[in-house]
Every structure is written in C-alpha cells, then in structure tokens.
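Peer 1: here's my sequence, what's the structure:
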Amino acid sequence: MDNAEGSRIVVAGAGSIGCFVGGMLAASGYRVALLARPRLIQEIAGNGLRVSSFDGSERRVAADRLILSDDPSILRDARTVLVTVKSADTGEIAELIARHASTDAAVVSLQNGVGNLSLLRDRLAGRKVLGGMVPFNVVALGDGRFHRSTSGDIVIAQDDAGTAARLSVPSLAIKASANIDGVQWGKLIVNLNNALNALSNIPLRQQLAQRGWRQLFADQMVEGLAAVRAEGIVPVSPTPLPSGWMPHLLRLPDALFGMLLGRTMKIDPEARSSMWEDLQRGRRTEIDYLQGVITEIADRRGLQAPLSRRITALIRKAEADGKGAPGLTAEQIRVG
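Peer 2: Model prediction:
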C-alpha cells in the first residue's frame with residue numbers, strides 16, 4: 001500500500017459516509033484531508049475522529065493526523081478525491097474539483113443515486129472519474145463519532161490503476177466491478193426503503209422484522225424494477241440476493257425472513273436510513289434522486305408508479321413541516 005509520500009486522499013464533502021471512510025483510511029496510514037463544513041471541522045478538531053462498526057470494532061484518529069478544512073484549495077494536493085456530497089451538491093463540488101484539483105487526480109463518486117457519475121464526467125472532462133457504491137449506513141453520533149450500522153463492501157469501477165485495491169484497507173473492503181452502472185442501479189432499488197424507514201421513525205431492523213413494512217417495501221421494489229427494466233437496465237444487487245428475488249423474499253413470513261436476513265446481512269439494532277437522519281436534522285433529503293428517478297422514468301415510459309409518487313409527496317410534506325420523521329404506519333403510507 002503506497003500510503004506514504006504525497007498520495008493524499010481528499011474527502012470532498014465529508015459528512016457521515018465521508019468521515020467514516022476517511023477515518024478508516026486514516027487509521028490505516030493514509031494521509032487524509034476532509035473538506036467539510038465548519039461545524040464538523042470544529043467537532044473533529046475538538047474530539048478527534050472515532051469510527052466504529054456493527055461488529056464492535058472502533059478506530060480512533062487524532063485530529064492532528066487529519067487535514068481539516070472548508071477551503072477547497074486543499075484539493076490541489078490530492079491523488080484521489082472521494083466525492084461524498086449529497087446528489088444536489090454534485091455540480092458545485094465538480095466545479096471546485098475542476099478549479100483546484102490536479103488533472104492527474106482520480107475522482108471517485110461514493111454517492112447515492114445514479115446521475116452523479118455522468119454529471120461529474122461532464123464537468124470533469126478528460127479526467128479519471130470512477131463510479132462507486134457504498135452499501136452500508138453510517139450514523140453520526142456526535143463528538144466526532146461515526147458508526148457503521150449495516151454490513152456490505154464498497155464497490156468501485158474497475159480501472160487499470162487498480163484504484164479499488166489501492167484503497168481497500170482492513171475492515172473496509174473495497175471491490176472492483178466492471179459493471180458499476182448496474183451496481184448503482186441495484187443500490188438505488190434497495191435504497192427505495194430509505195424513505196420508508198424515514199417515514200416510519202423506527203429502527204431499520206425493527207421495520208424489516210414486520211411483514212407489513214416488508215410487503216410495502218416489496219411493492220415499492222416492484223415499481224422500481226419495472227421502471228429500471230423499461231429503460232433496458234439490468235440492476236446488480238448490492239446484497240448477496242439477486243434484485244429480482246427480493247420482492248418475493250420480503251413477503252416471506254417473519255420467521256423465515258428473519259433467518260434469511262441473519263445469514264445475508266448484519267444490521268445494528270438502532271440502524272436507520274440516512275433520510276431519517278436528514279428529516280431529524282431538518283436537512284433536504286435525496287428523495288428526488290431515489291423515488292424521484294423512478295417517477296421520472298415512469299412519466300417517460302407511460303408507467304403509473306403510484307406508490308413512488310405517494311412516498312415522494314409524504315417525504316416532501318415531512319421536509320416542509322420541519323418536525324422530523326412523522327412516524328407513519330405502513331398502512332398510512334399505502335392509503336396516502
């Protein structure tokens with residue numbers, strides 16, 4: 001691992017995912033810079049960075065081992081830029097990368113959604129821009145602590161330089177894929193549950209333990225898969241289970257599904273979706289880049305997608321109300 005010399009990694013737009021990934025890389029010896037908001041910089045500067053996981057492990061990185069800044073000029077020394085901003089901010093971060101980063105730096109998108117890669121490539125023409133997929137949730141616990149609450153390995157587009165292997169470190173496996181587009185679409189289908197979890201205001205494991213919620217998620221997945229297939233896209237599941245099987249498996253009785261989930265995924269008892277955290281903190285969600293993508297395809301392809309439209313409307317109402325997650329039942333979501 002050539003993590004010495006000037007091979008700095010800059011996490012552009014460090015939030016929960018960015019701080020966790022950056023912290024794991026720094027704990028393994030990489031020179032890591034976090035381009036973040038002043039509040040987060042102050043929090044880490046005062047407490048250091050602690051990254052923990054569902055398996056009970058925890059790594060600590062002293063603040064003086066990190067470069068913390070809200071000044072985009074820190075991008076100029078980057079060998080690798082990890083883009084972790086919300087999808088709505090992709091255009092802005094692309095402009096900053098274009099202005100400040102070396103043209104030799106590899107740019108890797110570790111974002112939700114499926115449109116970020118093409119936008120980055122458009123704004124950063126002539127540079128190496130790789131798509132990526134992060135399958136797990138990270139919760140910000142305050143005081144510089146970021147906790148990974150679900151399992152799964154990061155996937156990055158395969159390239160001749162072996163970027164995935166170079167960034168892979170103990171306890172943060174990163175795999176290469178020759179079909180990153182399919183991987184990102186597969187993640188979008190699974191991420192359709194982010195909004196359901198946010199609306200429920202209950203932990204993810206508790207939500208998935210209830211057949212009514214799973215049936216709602218299954219119906220949402222069926223809508224999403226129909227839209228994606230209408231586009232001629234074959235999604236690659238981010239879980240060990242094929243995307244096409246998921247709706248059927250979600251409808252299994254509780255006991256059978258519980259056995260299956262325990263063998264394929266690890267989920268913390270208090271894990272929740274990033275969209276739930278957005279509502280709780282009064283932040284803009286990424287609903288337009290999840291269910292919004294499905295409804296946009298549906299409009300073009302003459303599909304209905306009523307559930308995606310209803311969930312989008314409920315999330316937008318929760319955003320406008322500013323009272324956090326509304327705590328709806330699965331049936332309340334079904335009837336609108």
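Peer 1: now find how far off-centre the longest helix anywhere in the chain is within its chain.
Peer 2: The residue-count maximum for a helix in the chain (DSSP state H) belongs to helix 211-230. The chain centre lies 19 Å from the centre of helix 211-230; the measure is C-alpha atoms, centre = their mean, to the nearest Å.
Peer 1: residues in contact with that helix?
Peer 2: In this structure, residues lying in contact with helix 211-230 by C-beta atoms under 8 Å, 6 or more residues apart in numbering are 185, 188-189, 192-193, 196, 200, 207-208, 235, 243-244, 246-248, 250-254, 257, 293-294, 297-298, 301, 303, 305-308, 311, 329-331, 333-334. Heads up, the C-betas are built off the backbone N, CA and C, glycines and all.
Peer 1: all helices for the stretch 201-336 of the chain, in order.
Peer 2: Assigned by DSSP state H, counting those that start in this stretch, the helices in the stretch 201-336 of the chain fall at 204-208, 211-230, 246-250, 254-264, 274-280, 291-301, 306-321, 330-335.
Peer 1: worst average pLDDT in these?
Peer 2: Mean pLDDT per stretch puts helix 254-264 lowest among those, at a mean of 88.
Peer 1: what does that one contact?
Peer 2: Applying C-beta under 8 Å, 6+ apart, the contact partners of helix 254-264 are 208, 209, 210, 211, 214, 239, 240, 241, 249, 250, 252, 267.
Peer 1: show me what contacts residue 186?
Peer 2: By C-beta under 8 Å, 6+ apart, the contact list for residue 186 reads 235, 236, 237, 238, 243.
Peer 1: does residue 88 touch residue 286 like I think?
Peer 2: Yes. Using C-beta atoms under 8 Å, residue 88 is in contact with residue 286, at 7.5 Å.
Peer 1: in the longest helix of the chain, what's buried?
Peer 2: Within helix 211-230, the residues that qualify as buried are 211, 213-214, 216-228, counting by 16 or more other C-beta atoms under 10 Å.
Peer 1: what do you get for stretch 172-184?
Peer 2: For stretch 172-184, by 16+ other C-beta under 10 Å, it's 172, 174, 176, 177, 180, 181, 182, 183, 184.
Peer 1: same check, this time on stretch 20-29
Peer 2: Going by neighbour count (16+ other C-beta under 10 Å), the buried part of stretch 20-29 is 20, 21, 22, 23, 24, 25, 26, 27, 28.
Peer 1: please write out the alpha-carbon positions of that stretch in CSV.
Peer 2: Below are the C-alpha coordinates for stretch 20-29, written out as CSV (Å, rounded to 0.1, in the frame of the first residue of the first chain):
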residue,chain,number,x,y,z
PHE,A,20,-16.3,7.1,8.2
VAL,A,21,-14.5,6.2,5.0
GLY,A,22,-11.9,8.9,5.6
GLY,A,23,-11.4,7.8,9.2
MET,A,24,-10.9,4.2,8.2
LEU,A,25,-8.3,5.2,5.6
ALA,A,26,-6.5,7.5,8.0
ALA,A,27,-6.5,4.8,10.7
SER,A,28,-4.7,2.5,8.2
GLY,A,29,-2.0,5.1,7.5
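Peer 1: go through the buried residues of stretch 20-29 and name the one nearest residue 70.
Peer 2: When those are ranked by distance to residue 70 (C-beta to C-beta), residue 22 comes first, at 14.8 Å.
Peer 1: ramachandran angles for that closest one?
Peer 2: Backbone dihedrals for residue 22, given as degrees, to the nearest 10, come out at phi -60, psi -40.
Peer 1: just the pLDDT for it.
Peer 2: You'll see residue 22 listed with a pLDDT of 98.
Peer 1: chain neighbours aside, what residue packs nearest to it?
Peer 2: residue 11 (4.2 Å; C-beta to C-beta, 6 or more residues apart in numbering).
Peer 1: tell me the bridge partners for that neighbour.
Peer 2: residue 34, residue 82 (DSSP bridges).
Peer 1: can you give me the strands for this structure?
Peer 2: Under the criterion DSSP state E, the chain carries strands at the ranges 8-12, 32-35, 49-53, 58-61, 66-69, 78-83, 106-109, 129-133, 138-142, 145-148, 154-157, 174-177.
Peer 1: hmm, back to that, export the buried residues of stretch 172-184 to a markdown table and tack on distance to residue 130?
Peer 2: Shown next, in a markdown table, are those (distance: C-beta to C-beta, whole Å):
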| residue | distance to residue 130 |
| --- | --- |
| 172 | 17 |
| 174 | 11 |
| 176 | 10 |
| 177 | 10 |
| 180 | 7 |
| 181 | 12 |
| 182 | 15 |
| 183 | 12 |
| 184 | 11 |
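Peer 1: perfect, that will be all.
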